[in-house]
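Q: after the sequence you'll find the predicted model.
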Amino acid sequence: MCIRDSLDTAVGARTPVRWRTPILGALLIAVLTSGLVAVLRQDRTPAAPAIRYEEVFDDTRAISVRVPAAWSQHWGNGWHPPQGPFYRRVNVGPGMNASPNVSDWFTGAAVPGLFAGASARVVTEGRFSPEFMRQYFGPSGCTDAGTSAFTLDRLGLTGVQGEWRCPAGVRWRYAYGWPGHHRYVLAIEIKILPPYGDQVWTEALNTITVHTEPR
């Protein structure tokens, strides 16, 4: 056998080794990539559950707002402020409550819900303003978690909005606003707890409507 034959044989014997290295490298990259994808999927925050909403009105159909359909109990019998000079004895204007259990949502119970009301009487008789309401409204046993300016251009309202934080992970979001002429105040309050989040608050702000200005 000549030297050329020996060299050809030796080279041919080593050829599979030369192809094996890139194959092993590709397999290693594939394994590492699939592991990384699995880790990223585990760390991804689960999507918030879809919520079906429905529009609700007060009894006079002066105001409306969209709330979760599961908040199927509605009271549309007006706004009865507990503060003086009204002390819950006076209906000062259109208002509504919506909740899975209207009787309990505005108590300390862990029940979500919404109140929306509009009134001129709280301005003329009670001297209420958005800032006054921020100071004197609010659930007992909860702490002020911060406030900011409130603007709802769609209705021409300005005022104040904020959050109260309560025991057991319960939160309240609120907004009090009035138009430039200051003839009435609009109040929105929502009690939020799982499985609901700030999306119900956003939906309320996007859909609250004053169909008839309160007098």
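A: Arrived safely. Numbers count the residues shown, from 1 in each chain.
Q: surely residue 159 meets residue 175?
A: Yes - counting by Cβ atoms under 8 Å, residue 159 does reach residue 175; the two are 6.7 Å apart. No exception for glycine: its C-beta is placed from N, CA and C like everyone else's.
Q: what touches both of those two?
A: When Cβ atoms under 8 Å, 6 or more residues apart in numbering defines a contact, the residues bordering residue 159 and residue 175 alike are residue 150.
Q: more neighbours: those two, which one.
A: Neighbour count, other Cβ atoms under 10 Å: between residue 159 and residue 175, residue 175 has more, with 26 against 21.
Q: that one - nearest residue in space that isn't next to it in sequence?
A: residue 161 (4.0 Å; Cβ to Cβ, 6 or more residues apart in numbering).
Q: would the one you found count as being in a helix?
A: No - secondary structure of residue 161 (DSSP: H, G, I helix; E, B strand; the rest coil): strand, not part of a helix.
Q: list the contacts for it?
A: Contacts of residue 161 (Cβ under 8 Å, 6+ apart): 147-150, 173-176.
Q: try residue 113
A: Listed by Cβ under 8 Å, 6+ apart, the contact set of residue 113 reads 71, 97-102, 105-106, 190-191.
Q: same question, residue 84
A: Residue 84 sits next to residue 126 when contact means Cβ under 8 Å, 6+ apart.
Q: mind pulling up the pLDDT for it?
A: pLDDT recorded at residue 84 is 87.
Q: let's verify it: helix, strand, or coil?
A: Applying three-state DSSP to residue 84 yields a three-state assignment of coil.
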